[in-house]
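Peer 1: What follows is a predicted structure for the sequence shown.
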Amino acid sequence: MAPQLDAYFKQVDSLSDAFIERLRKAVAIPSVSAEDERRPEVIKMGEFLASELKSLGAKVELRPLGKQPHKEHLQLPPVVVARYGNDSKKRTILVYGHYDVQPALLEDGWATEPFKLTTDDKGRMYGRGSTDDKGPVLGWLNAIEAHQKAGVDFPVNLLMCFEGMEEYGSEGLDDFIMEESKKYFKDADAVCISDNYWLGTEKPCLTYGLRGCNYYSIEISGPGQDLHSGVFGGTVHEPMTDLVRVMGTLVSPDGKILIKGIDDLVAPFTDEEKSLYGDIAFTMDNLYESLGSETGLYPDKERTLMGRWRYPSLSLHGVEGAFSAPGAKTVIPAKVTGKFSIRTVPDMEIEAVNELVYKHVNDAFAALGSKNKCRVYLQHAGKWWVASPKHWNFTAAGKAVRHVWGVKPDLTREGGSIPVTLTFEQATGKNVLLLPMGSSTDAAHSINEKLDKKNYIEGIKLLGAYLHYAAEEPMN
């Protein structure tokens, strides 16, 4: 395998400028799925991917998903599915990514034009979508091209599934994956997703777990319209006062969830699990750098990582209906809606959490003795996911990381949610690996999103090396 990989790596290096140019073209397409007026650009990005794949000899299909729910005037972007290789003697690896991006405007605080890939003197490539997720998606295409031009046989059959609505809830994708699980995806032996990040900046990782997310709204209403506080203040039950009181009962300042029964749903902490935390390359300074402050809840690495990955958390996100613009406005809002989420972990089932949340909120509101009305409801939910890091899919990726980066990767979980991970696992019945390309400082979803040139080029080598090791790793 070594001579083949050496030839492949050499070709990746020689094509690095072309691969950066491919990323530049992709970043220039403002494929923002959350903005209706950008929908043609999202579709254009899907067509760009399809064209690039076809030029590499892949068999490509643009699969329509129909109209967007609640926005019937909008067509959902197509799912780009492609196959490269169809050798029955080879394993088949299914890879997923997304070609849509978060909104971005120069006036948001970007130092460069967000849809123009801009490289600084330290090799950081700035641009919306560079790391989330256009760089990793193009990594698979680049791996195909580098194999071709190096004259190295592609080690597996590659199935690709790239969507254009991930940043807007992946509408339509779950049904598509389930429908194709016994059709287009039926040959898959394992799944790999590159849509996450290293824990730090120096050491690669393999991710085997994600928290889920239950997102709730508390709606409190009373008066028939907004009121003037000078006229009605002191004479009416104010919805905003009730909401603040209720939301204040959900979580303590030290992060403890105050909903009775939540802790009982969490899977017990095992000695085997505890052993995974000690060697992880992470320091409290890494946290403080990310926070821009020293306001962490815990003084040590292990408890901080457990708080991020292994235990549930509850966060308050905002209030609709209240005055939030600059200046002063003496209005009593007639209806306000508070928003919060709970990041869930094994073994917290969605319905069990809902039941506890609804009871807590209704009891807390009843205790106020208010004449207003309260309604609490779930906006959306995605379940947690945990895979076996001892599966051959992970051991193959671990060998690839050691080959490319010269270190043993950290085995990590993540606090965020990638619901499609669980969907692929349930639909295919196969192990799912999260194999990140970017680092913790890439600022995905934020201003000045970037991908380091080194992570991009070495990441292309990593994806290719992973496929070679996956082709030969003994099944377990």
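Peer 2: Sure thing, it's come through.

Peer 1: Now do the domain split for the chain, please.
Peer 2: 2-210+384-472, 213-266+311-382 (automatic domain parsing).

Peer 1: quick one: residue 153 from residue 467, how far?
Peer 2: 11 Å (CB to CB, to the nearest Å). Every C-beta, even on glycine, is put in place using the N, C-alpha and C of the backbone.

Peer 1: now swap in residue 219 and tell me
Peer 2: For residue 219 relative to residue 467 (CB to CB), the value is 49 Å.

Peer 1: So these two - more neighbours on which side?
Peer 2: residue 467 (27 against 17; other CB atoms under 10 Å).

Peer 1: Assess the claim that the more buried one and residue 155 are in contact.
Peer 2: Yes. Counting by CB atoms under 8 Å, residue 467 touches residue 155, with 5.2 Å between them.

Peer 1: what about residue 111, neighbour count?
Peer 2: Residue 111 - counted by other CB under 10 Å - has 11 other residues nearby.

Peer 1: quick one: contacts for it?
Peer 2: 126, 447, 448 (CB atoms under 8 Å, 6 or more residues apart in numbering).

Peer 1: Swap in 6 Å and give it another go.
Peer 2: residue 448 (CB atoms under 6 Å, 6 or more residues apart in numbering).

Peer 1: for it, helix, strand, or coil?
Peer 2: The local conformation at residue 111, judged by DSSP: H, G, I helix; E, B strand; the rest coil, is coil.

Peer 1: where's it relative to residue 126, distance?
Peer 2: 7 Å.

Peer 1: and the closest residue to residue 441 other than its chain neighbours, how many neighbours does it have?
Peer 2: With CB to CB, 6 or more residues apart in numbering as the criterion, residue 441 has its nearest non-adjacent residue at 5.6 Å, and that residue is residue 201. Residues lying near residue 201 (other CB under 10 Å) number 16.

Peer 1: now swap in the one 5 residues further on and tell me
Peer 2: Residues contacting residue 206 under the criterion other CB under 10 Å number 22.

Peer 1: what does residue 291 give?
Peer 2: 10.

Peer 1: pLDDT at it, what is it?
Peer 2: Per-residue pLDDT puts residue 291 at 85.

Peer 1: Phi and psi next, for it.
Peer 2: Main-chain torsions, residue 291, degrees, to the nearest 10: phi -70, psi -30.

Peer 1: residue contacts, it?
Peer 2: Contacts of residue 291 by CB under 6 Å, 6+ apart: none found.

Peer 1: So it versus residue 318, what's the distance?
Peer 2: 20 Å.

Peer 1: quick one, what contacts residue 185?
Peer 2: 94, 428.

Peer 1: ok, now with 7 Å
Peer 2: By CB atoms under 7 Å, 6 or more residues apart in numbering, the contact list for residue 185 reads 94, 159, 428.

Peer 1: Check residue 384 too.
Peer 2: So residue 384 contacts 210, 211, 212, 344, 345, 346, 348 (CB under 7 Å, 6+ apart).

Peer 1: Look up how far residue 210 lies from the residue nearest the centre of the chain.
Peer 2: In the chain, the centroid-proximal residue (CA atoms, centre = their mean) is residue 418; its distance is 4.5 Å. Remark: distance between residue 418 and residue 210 (CB to CB) = 6 Å.

Peer 1: One more: residue 407?
Peer 2: Distance from residue 407 to residue 210, by CB to CB: 23 Å.

Peer 1: out of these two, which sits in the more crowded spot?
Peer 2: Higher neighbour count among residue 407 and residue 210: residue 210, with 26 against 12, using other CB under 10 Å.

Peer 1: Quick check, pLDDT for that one.
Peer 2: pLDDT at residue 210 comes out at 95.

Peer 1: Spatially, and excluding backbone neighbours, which residue is closest to it.
Peer 2: Residue 210 sits nearest to residue 385 (CB to CB, 6+ apart), 4.8 Å away.

Peer 1: Am I right that residue 427 is in contact with residue 181?
Peer 2: Yes. If you go by CB atoms under 7 Å, residue 427 and residue 181 touch, sitting 3.8 Å apart.

Peer 1: And the pLDDT at the residue of the chain positioned farthest from its centre?
Peer 2: Distance from the C-alpha centroid of the chain, by CA atoms, centre = their mean, peaks at residue 231 (47.9 Å). For residue 231, the model assigns a pLDDT of 96.

Peer 1: now swap in residue 403 and tell me
Peer 2: For residue 403, the predicted pLDDT is 98.

Peer 1: what's the following helix or strand after the helix or strand hosting it?
Peer 2: Here residue 403 sits within helix 392-405, counting by DSSP states H and E. Using DSSP H and E, the helix or strand that follows helix 392-405 in sequence is strand 410-414.

Peer 1: Other residues contacting that following strand?
Peer 2: In contact with strand 410-414 (CB under 7 Å, 6+ apart) are residues 196, 199, 203, 205-210, 276, 280-281, 309-310, 389.

Peer 1: Out of those, which is nearest to residue 69?
Peer 2: residue 210 (24.6 Å; CB to CB).

Peer 1: ok, what's across the strand from that closest one?
Peer 2: Applying DSSP bridges to residue 210 gives these bridge partners: residue 385, residue 414.

Peer 1: ok, so what distance separates it from residue 48?
Peer 2: 29 Å.

Peer 1: what do you get for residue 356?
Peer 2: Using CB to CB, residue 356 is found at 46 Å from residue 48.

Peer 1: Residue 143 now?
Peer 2: Taken as CB to CB, the span from residue 143 to residue 48 is 18 Å.

Peer 1: swap in residue 17?
Peer 2: Taken as CB to CB, the span from residue 17 to residue 48 is 19 Å.

Peer 1: Can you verify residue 272 is assigned to a strand?
Peer 2: No. Assigned with three-state DSSP, residue 272 falls outside any strand and is helix.

Peer 1: burial of it, as a residue count?
Peer 2: 7.

Peer 1: Also the one 3 residues further on?
Peer 2: Other residues lying near residue 275 total 9 when counted by other CB under 10 Å.

Peer 1: Repeat that for the one 5 residues further on.
Peer 2: A count of neighbours around residue 280, defined by other CB under 10 Å, yields 16.
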